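> need a structure here:
(2 chains)
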Amino acid sequence: MAYKHYILVCGGVECDSNKGDDLFRKLIHAVEHRGLMADIQVVKSGCFGFCAVGPVVKILPDETFYVEVTPEDAEEIVEAHIVKGKPVERLRYREEESKVNVRIKDLSFYQKQFRIVLRNCGAINPEEITEYIARDGYLALEKVLFEMTPDDVIEEMKKSGLRGRGGAGFPTWRKWEFSRVVDEKQKYVVCNADEGDPGAYMDRSVLEGDPHSVLESMAIAGHTVGANQGYIYIRAEYPLAIDRLNRAIDQAKELGLLGDNILGTDFSFDIELRLGAGAFVCGEETALLASVEGKRGMPVPRPPFPAVKGLWGKPTVINNVETWANIPVIITRGGDWFAKIGTEGSTGTKVFALTGRIQNSGLVEVPMGTTLRDIIYNIGGGVPGGKKFKAVQTGGPSGGVITEEYLDTPIDYDQLGKLGSIMGSGGMIIMDESDCMVDVSKFYLEFTVDESCGKCAPCRIGGKTLFNILDKISKGNGEMEDIAKMKRIGHAMQRVSLCGLGQTAPNPILSTLRYFGEEYRQHIEEKKCPAGKCKSLISYEIIEDKCIGCGVCARACPVGCISGERRMPHLINQVECIKCGECYNVCKFNAVAVG
Amino acid sequence: MAKLTREDLQKLRADKKKEMDMSDPLKKEVQITIGMGTSGIASGARETFEAFQEEIKEHDLKHVILKSSGGIGLDHAEPTVEVQMAGMPAVIYGQVTPAIAGKIVRKHILGKALVNAHVYDRPAIDIVREWGKA
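Got it, this is the predicted structure:
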C-alpha cells in the first residue's frame, strides 16, 4: 500500500554539509520510534534551492515547506505535523517582505518561479498536437477568429503591457499596430528564433517542448494585422527544434489550424521555416529579414521599421520566440490578468538561462521584478564548491556584469539598464572568484569581432581594436592610458554603429571597467591576474615545504616539465610550463601555488 | 484527420482533456513522462527511455504509458522524469539513469514508494491545470 505522507529532506551538497544527513536520520528515527514506517516514507531529495535557509524539508502530499530545520526539530515535525495534523508554524517558510511588485495570488506559495512561457514544457508531448489542444491550445486562436475583432486583440495586447523578449523590450502591441494600419495587401509575420547569445537557450527549449504555442500566436498576429504568411527564422544548429516545428506545422495543417480557411473561416495563414547558418548578426531584425529573403545577412538603417517596410518591402511583424509563447495566455486569460504579474513598466515573466558557476543550472521563469538574489540563491542554489560569488553577466555579448551589492535590485528592463547591463534574451552567467573580468571581456569581444558583419567601420574596426587592447592587457603589456582609450572607442561605437551588435559590443568592457576597474589596474600595473586566469601573468610553483614528493603532479603534467626524485620536493621547469594548471588540480597537499 | 470546425476542436479538446487528466483517483493508467529536449538527450534521456521500455515489458505493465516531452528546465538534474499515478503524489525525478529507471518502475510504480535521493522539486505550479480547477 502507498504511504500516507512523504517527508522529503533536501540532499543537496550544501545541505549535506549542513546537518542534512543528521536530520535525515533523526526523522527516520522519529518515524520508526512511533511505529509509523508503514504510513510515512522519509526520502532524500535533490537540491531545492533555498540553500541559505537549508536544510529544507517538504511534506507531501500537502506540500508544506519547512526551512532551517535542525535535527532537533525532527521529533516535532513527525509528532505535530504527521500524528496530530498540525503543521509546525515556526519552521514554515515565510515570504520576506518583498520590495518586488508581485501582485499575483498564485505566488504566495514558496515557489519563486511562475511559468507562462514554459507552461507546457515538460507537460506535453510536443509531437502530438492533441496534447497541446487539451491544455487549452488553439483556444486563443478560436477566440480571436470567432469572438474578437483585430481592434480587440490589439487592445488586449496593449492592456497586457507585453514587451519584446528578444532584448530591446519594445511594446509588442505597437509593432502590431504599426503593421496593421498600413494599407497593403501583402503582409508578413516572422518569428525570430535565431537565438545566439552564448548561454541562452530558452527559445530552443520552447520550440522543442511547445512548438504549437508559437504557431498559434503567429496565426493570431496574422489575423490581427492582415497577413497570410509567416516565417520562422531558426538556426540550423537546432535540429531537434526544427524537426519538432516541422511536425507541428504538418499536424496543424492536417487539422485545419493552419493553411486555407482556418476552422472554416475565411482566414488563411501558412508558416514556413527558414534556416539560418548561425550568424549572430541575423538576430538583428533587418539582417534577419535580409537573410530570409536569401540575401547576405546585413542590417540596414532603421527607419523604415520592418513593421512598415520589412520582408520584400512589405509590412512585417517580427517577434521573438519567447514573446510569441506569451500571447495565447494573454488572449485566453486577458491582458489585465497578465499585467498583474511583474512590475509596472515590465509586466509578465522572464525566462532566464542560469549557467556558469551555479549549483542548479537550467531554465527558470520568474515574474519581472524578482531579485537576482532570489534567482541565483533561492532557485539556483548559489555558487558551488564554497567559492565566493563575484558577478553575474546578463544580456550576453550586449550586456554587462552585476555585482554582489546590486543583487537585491528587482530585475526588469529599466533596472538592468540603470546598472549598465541589459535584459537581453535572458542569458545569465554566474561567475565566481576564479573568473577574471579581463578574460571575460576578452571572450565576449572575441565573439562580437567574429560575428560582426563588417558593414560599418565603428563595429568592424572598433571591435577589433578593443579586442587587441584587451589581449595586450591580459598578456601583461597594458598601459594605464589603455583604459581611457577603451572607454573612448566604446562610447564612439555605442553612438555610431549601424545596428545593435556594434552599439552594444563594448558593453562587456564598459561594465567590467565600471565595477572591476581595480582588476584591470592590477593586470596593467602589477602584471597580476588575481583570479589566476590570464596565463601570461601567472606561474605555477611547488612549495618545497609542503611537497612530499609523491610524483602525482609529474605524472599529470601533459608536457612533462615537472621533475624530482621520489619523496623529495619536485620542481616545475618554468620555460616549458604551459600553465594548464593540472599540477595544481591534482596536488592533494596544496603544495602547488599560483602566483 | 479531417479539417476541424470550431465545434470539432472544442470536442477534441474536451475529450483529450479527460484522457490526459491524471488527477482522477480511479485512473488505472500510470504515466511516465521523460524530458527529451536537447539537454535531456545529451544527458542520456534516450537510454533512459529505452530502459523504461524494457522494464515495462519485463514486468508486463500494460497500464503504464511512456511518453516524451520537452525539457522542464532542470538541466542540472537531467535526465528528468515525471511519474503520475493515482494514490501517489506526482513526482519529478532527476538524474534518472537506466538503473534508476528500473528502480522507479520496481519501487515507485510497483512498490508505491518514492525512490530515495532522486526526487526533485516541481519548479512552479501548473497554471493550465490551476485554471482547469477554477
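> which of the residues in the one helix or strand residue B:49 maps to are buried?
For residue B:49, the host element (DSSP states H and E) is helix B:45-58. Neighbour counts over helix B:45-58 (16 or more other CB atoms under 10 Å in any protein chain shown) mark B:45, B:48, B:49, B:51, B:52, B:55, B:56 as buried. C-betas here are computed from N, CA, C, even on glycine.
> what does stretch B:35-46 give?
Taking 16+ other CB under 10 Å as the criterion, stretch B:35-46 shows B:35, B:36, B:37, B:38, B:39, B:40, B:41, B:43, B:44, B:45 as buried.
> any idea which residue of the stretch 151-300 of chain A lies closest to chain B?
Using CB to the nearest CB, the closest approach of the stretch 151-300 of chain A to chain B is made by residue A:209 at 1.9 Å.
> the stretch 151-300 of chain A: strands as residue ranges?
A:188-193, A:229-235, A:270-276 (DSSP state E, counting those that start in this stretch).
> got the angle between the second one and strand A:270-276?
For strand A:229-235 against strand A:270-276, the angle between stretch directions is 30 degrees (axes from the mean of the first three to the mean of the last three CA atoms, to 10 degrees).
> show me how far strand A:229-235 is from its chain's centre.
22 Å (CA atoms, centre = their mean, to the nearest Å).
> which non-adjacent residue is nearest residue B:104?
Nearest residue to residue B:104 in three dimensions, chain neighbours excluded: residue B:115, at 5.6 Å (CB to CB, 6 or more residues apart in numbering or on different chains).
> related to what we said a few turns ago, wait, what's in contact with the residue of the stretch 151-300 of chain A closest to chain B?
A:118, A:120, A:121, A:122, A:124, A:126, B:37, B:69, B:70, B:71 (CB atoms under 8 Å, 6 or more residues apart in numbering or on different chains).
> what does stretch A:66-83 contact?
Here stretch A:66-83 has contacts from A:5, A:7, A:19, A:22-23, A:25-27, A:29-31, A:34, A:36, A:39-40, A:50, A:53-59, A:64, A:86-88, A:91-93, using CB under 8 Å, 6+ apart.
> out of those residues, who's near chain B?
For chain B, the contacts drawn from those by CB under 8 Å from any CB of the partner chain are residue A:58.
> if you look at the contacts of stretch A:66-83, which of them are in strands?
Members of these lying in strands (criterion: DSSP state E): A:5, A:7, A:40, A:57, A:58, A:59, A:64.
> just list whatever residues bridge to the fifth one.
On the basis of DSSP bridges, residue A:58 takes part in beta bridges with residue A:8, residue A:65.
> show me what contacts it?
Taking CB under 8 Å, 6+ apart, one finds A:7, A:8, A:10, A:45, A:48, A:64, A:65, A:66, B:121 in contact with residue A:58.
> and the fourth one, what's its pLDDT?
Residue A:45 is assigned 88 on the pLDDT scale.
> show me what contacts it?
The contact partners of residue A:45, by CB under 8 Å, 6+ apart, come to A:8, A:9, A:10, A:11, A:58, B:117, B:118, B:119, B:120, B:121.
> so the third one touches residue A:20, yeah?
Yes. Proximity of residue A:10 to residue A:20 meets the contact threshold set by CB atoms under 8 Å, at 6.5 Å.
> those two: who's more crowded?
More crowded of residue A:10 and residue A:20, by other CB atoms under 10 Å in any protein chain shown: residue A:10, with 30 against 23.
> can you give me the distance of that one to residue B:30?
Per CB to CB, to the nearest Å, residue A:10 is found 26 Å from residue B:30.
> for chain A, what's the nearest residue on chain B?
Closest to chain A within chain B is residue B:70: 1.9 Å, counting by CB to the nearest CB.
> ok, and the closest non-adjacent residue to that residue?
The shortest distance from residue B:70 to any non-neighbouring residue, by CB to CB, 6+ apart, is to residue A:209 (1.9 Å).
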